[in-house]
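J.: Sequence first, then the predicted structure, then my questions.
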2 protein chains.
Amino acid sequence: MKNLFASRINTIPKSFIREILKVTQNPDMISFAGGLPNPRFFPVREIKETTLDVLAGTDVSALQYSTTEGYQPLREYIAKRYQKRKLSITADEILITNGSQQGLDLIGKVFINKGDRIAIEKPAYLGAIQAFSVYEPQFCPIPLLNDGVDINRLETELSVNSVKLFHTVINFQNPSGITYSENKRRELTELLKQHNTIAVEDDPYSDLRFSGTAPQSMRSRLNGKVILLGSFSKTIAPGLRLGWICAKREIMDKLVTAKQASDLHSNSLCQKIVHQYLINNDVDKHIETIINVYKKQRDVMITAIDENFPSEVIFTKPEGGMFLWVTLPEQLSALELFKLAVKENVAFVPGTPFYVDNGGKNNMRLNFSNADENTIKEGIKRLGLIIRKLLVKKNVE
Amino acid sequence: MKNLFASRINTIPKSFIREILKVTQNPDMISFAGGLPNPRFFPVREIKETTLDVLAGTDVSALQYSTTEGYQPLREYIAKRYQKRKLSITADEILITNGSQQGLDLIGKVFINKGDRIAIEKPAYLGAIQAFSVYEPQFCPIPLLNDGVDINRLETELSVNSVKLFHTVINFQNPSGITYSENKRRELTELLKQHNTIAVEDDPYSDLRFSGTAPQSMRSRLNGKVILLGSFSKTIAPGLRLGWICAKREIMDKLVTAKQASDLHSNSLCQKIVHQYLINNDVDKHIETIINVYKKQRDVMITAIDENFPSEVIFTKPEGGMFLWVTLPEQLSALELFKLAVKENVAFVPGTPFYVDNGGKNNMRLNFSNADENTIKEGIKRLGLIIRKLLVKKNVE
């Protein structure tokens, strides 16, 4: 039957991360692998109460088919939240999706013809590589520097070829933890103004800022040339599968058609639950609680790395989000390290899945949101020992 | 910015039905348009109780990321339900999706290269036309006869060209209400055995059988050559957006990769709610309640049509499901009738959206599940008057 499969299906990378998640089901495993929010902070009680609220009256529309665009009061809530941050977005520019991941799929559907050039970060968010791969683009990976994408390299790419989309996780990037500086955003704005390229500003983590102030979003700088993605997965709960796309009406119309064809509309019940939760509760206070814990966990991880990893190992110190990014000495293989680490019951994600060009061999992504402080210390200690052993072995070889 | 859109986006038909749904928000409108289940039978109390159950303990996995394949106990429940009906399907052959509609999108992703030939029914389920259109196939519409697809026409099509998929809504088809007879299924089985074509057996309505016995499914006849789709939308509630795909492992692996890229996984909370609902309640008794009401409503609609429509109008008398299909005299336009009907506060879906070749001009789909008996009588009476007036007008012209 093989000959019946579409050619695209062989180009989609399987998520190494989701495969790892199966390994990490083992309760003794210390996992820095997933991108899981800490379940301690899921608002379980509030969601129970809210569900009863939503299903209390005679209005049973929470269980019926609903509009493709999404639950109107939820769209309005999201728009108002942006407006409070001086971002001029209206409810009719918002489409509710099944997490940001579906947003990426819909963008692929609407924009990418086979062979189109799509610029991504290097390393890039794996979910974006997967979602876009379905539509068989030619990826142009642009290196990430410490303050955002390498503008010169991006400029060369945009000048030589037409590039339809530039995908960026602009705050606390997955996998690198890097945030674009004010200066970098200004340069990026100037560059994109000169080209017929749309920025996909993928921003699921911006609420999780531990320190410093957030530079203005690309959407506020480039307006309709930006498609902005958001998510409730990191602030409320990912199991509800709710995110959104903000785009100007011209693009929105196409996205809505693509969403109709994809699954008619997102879950009516959970849209109403999330909206009611946001009305009944102080979500910013809830986010503050999460931030305080994640910040401590990040600090513990950084300190543990400083204490346990050899000095040749370098790593990012993100101002927020859920990940940091480790660069091992070049002679080390993160995959080899991974195999040894799993035997010691520690898991992480080796760097290669975040590259489309076989890069990342000596990189690893460490998640700090989903393990408590002592577990982080113990896990990093074990990793440090293995790295040192590997280094000795390689230096002898 | 127009030149940035992918070519496929212009080939996806916008759902006329979903556009009509906006018109039918008017509470005075008698709507035979949507494919909405009757909300009177949504198990609201049970879903509230179940949600509390699901979120009662210390296990908060209902709110966390979960596996792409779906909630294992729910997959097992679905497999067992099939096994009770002598259909040999295992849990690992089931992928949970966001309604059947997402199943169609995933099948498109996995199978359809641009230009591939895909056989569909004529008229076809609009959602299938939309979902597959994204992948730019060449549609081969095969006429539906009263007992299923025209086998001779399908045979010609399969013999002359290679056809990857044949999509069929095999029970109480949407839009026509037609069910494939035992004989037709046998012929279809023999035909498909001879060709490298996969049957997509789209079966959201089979639980809603009012009378007679269900012929064996195509999956039981053709095994791995069939992809079977099911849904909780018609039996529990569509707002939960849960359906499933059954396919053999070889195909399932590809579908899981496509689902990962599309939205990681379906709603964890609602998967657990639906599973707990099925464990705590007698769903077959619930379905029986729905059947009894829909059957009465179908009968009322048939009687009202007999009494009110001119004898030149012919229509199907489905043994189940939610729709019947009306063929007006050829000189009448269903779209013209629609415009006049909306002025009299009656809505339905004109036939053309169910065709890819401009057919269906004198057809209309009538939904009988979502209006009570008196409303059905009144709506059909109004339609009858308009049809008679239109006929007189056309005969004079």
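T.: Now that the structure is in, tell me what you want to look at. As the structure is a computational prediction, the values presented were derived from the model and not from experiment. Numbering: from 1, shown residues only, chains lettered A, B, ... in the order given.

J.: from here on, contacts and neighbour counts on C-alpha atoms
T.: Noted.

J.: For the residue of the stretch 151-300 of chain A found nearest chain B, which non-adjacent residue is spatially closest?
T.: Relative to chain B, the nearest point of the stretch 151-300 of chain A is residue A:239 (4.0 Å; C-alpha to the nearest C-alpha). The shortest distance from residue A:239 to any non-neighbouring residue, by C-alpha to C-alpha, 6 or more residues apart in numbering or on different chains, is to residue B:63 (4.0 Å).

J.: With residue A:78 instead?
T.: residue A:91 (7.4 Å).

J.: from memory that neighbour sits against residue A:81, does it?
T.: No: judged on C-alpha atoms under 8 Å, residue A:91 makes no contact with residue A:81 at a distance of 10.6 Å.

J.: Comparing those two, which residue is more hemmed in?
T.: More neighbours surround residue A:91 than the other of residue A:91 and residue A:81, with 17 against 12 (other C-alpha atoms under 10 Å in any protein chain shown).

J.: For that one, list the residues it contacts.
T.: Applying C-alpha atoms under 8 Å, 6 or more residues apart in numbering or on different chains, we find residue A:91 in contact with A:72, A:75, A:76, A:77, A:78, A:79.

J.: if you set the cut-off to 10 Å instead, what comes out?
T.: Applying C-alpha atoms under 10 Å, 6 or more residues apart in numbering or on different chains to residue A:91 gives the contacts A:69, A:72, A:73, A:74, A:75, A:76, A:77, A:78, A:79, A:80, A:246.

J.: Quick one: buried ones out of the residues you listed?
T.: For the contacts of residue A:91, a burial check counting by 16 or more other C-alpha atoms under 10 Å in any protein chain shown picks out A:69, A:72, A:74, A:75, A:76, A:77, A:78, A:79, A:80, A:246.

J.: tell me the secondary structure for the fourth one?
T.: Okay, so that is residue A:75. At residue A:75 the chain is in helix, as set by DSSP: H, G, I helix; E, B strand; the rest coil.

J.: so which two of the contacts of residue A:91 are the farthest from each other?
T.: A:69 and A:80 (16.8 Å; C-alpha to C-alpha).

J.: ok so, going back, just want the phi and psi numbers for the residue nearest to residue A:239.
T.: phi -110, psi 0 (degrees, to the nearest 10).

J.: Return the residues in contact with it.
T.: With C-alpha under 10 Å, 6+ apart, residue B:63 has these contacts: A:39, A:42-44, A:47, A:233, A:236-241, B:55, B:267-270, B:272.

J.: Spatially central residue for chain A, please.
T.: Residue closest to the average C-alpha location in chain A (C-alpha atoms, centre = their mean): residue A:174, at 5.2 Å.

J.: Pick the one among the contacts of residue A:91 closest to chain B.
T.: residue A:69 (11.0 Å).

J.: so the closest one sits in a helix?
T.: No: checked against three-state DSSP, residue A:69 lies outside a helix; its state is coil.

J.: Report the separation between the residue nearest to it when sequence neighbours are not counted and residue A:390.
T.: In space, and not counting its chain neighbours, residue A:69 is closest to residue A:95: 4.9 Å by C-alpha to C-alpha, 6+ apart. Remark: distance between residue A:95 and residue A:390 (C-alpha to C-alpha, to the nearest Å) = 49 Å.

J.: So the two - more neighbours on which side?
T.: Using other C-alpha under 10 Å as the criterion, residue A:95 and residue A:390 rank with residue A:95 on top: 26 against 18.

J.: low-scoring pLDDT stretches of chain A, where are they?
T.: A:1-2, A:15, A:17-19, A:21-22, A:24 (pLDDT under 70).

J.: interface residues of the stretch 151-300 of chain A facing chain B?
T.: A:163-165, A:196-198, A:224-225, A:233, A:236-242, A:250-251, A:253-271 (C-alpha under 10 Å from any C-alpha of the partner chain).

J.: Can you select the buried ones among these for me in PyMOL?
T.: To isolate the buried ones among those in PyMOL, judged by 16+ other C-alpha under 10 Å, type:
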select buried, chain A and resi 163+164+165+196+197+198+224+225+233+236+237+238+239+240+241+242+251+253+254+255+256+257+258+259+260+261+262+263+264+265+266+267+268+269+270+271
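
J.: roughly how far is stretch A:330-340 from the heart of the chain?
T.: Put simply, stretch A:330-340 sits 24 Å off its chain's centre (C-alpha atoms, centre = their mean, to the nearest Å).

J.: quick one, strands of the stretch 251-397 of chain A?
T.: Secondary structure of the stretch 251-397 of chain A (DSSP state E, counting those that start in this stretch): strands at A:314-315, A:323-327, A:346-347, A:349-350, A:363-367.

J.: Show me what the last one is packed against.
T.: Put plainly, it is strand A:363-367. Judged by 3 or more C-alpha pairs under 10 Å, 6 or more residues apart in numbering or on different chains; DSSP states H and E, the packing partners of strand A:363-367 are helix A:283-308, strand A:314-315, strand A:323-327, helix A:334-343, strand A:349-350.

J.: how about JSON lines for these, with distance to residue B:365 added?
T.: Putting the helices and strands packed on strand A:363-367 into JSON lines (distance: least, C-alpha to C-alpha, whole Å) gives the following:
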{"stretch": "helix A:283-308", "distance to residue B:365": "46"}
{"stretch": "strand A:314-315", "distance to residue B:365": "62"}
{"stretch": "strand A:323-327", "distance to residue B:365": "53"}
{"stretch": "helix A:334-343", "distance to residue B:365": "58"}
{"stretch": "strand A:349-350", "distance to residue B:365": "52"}
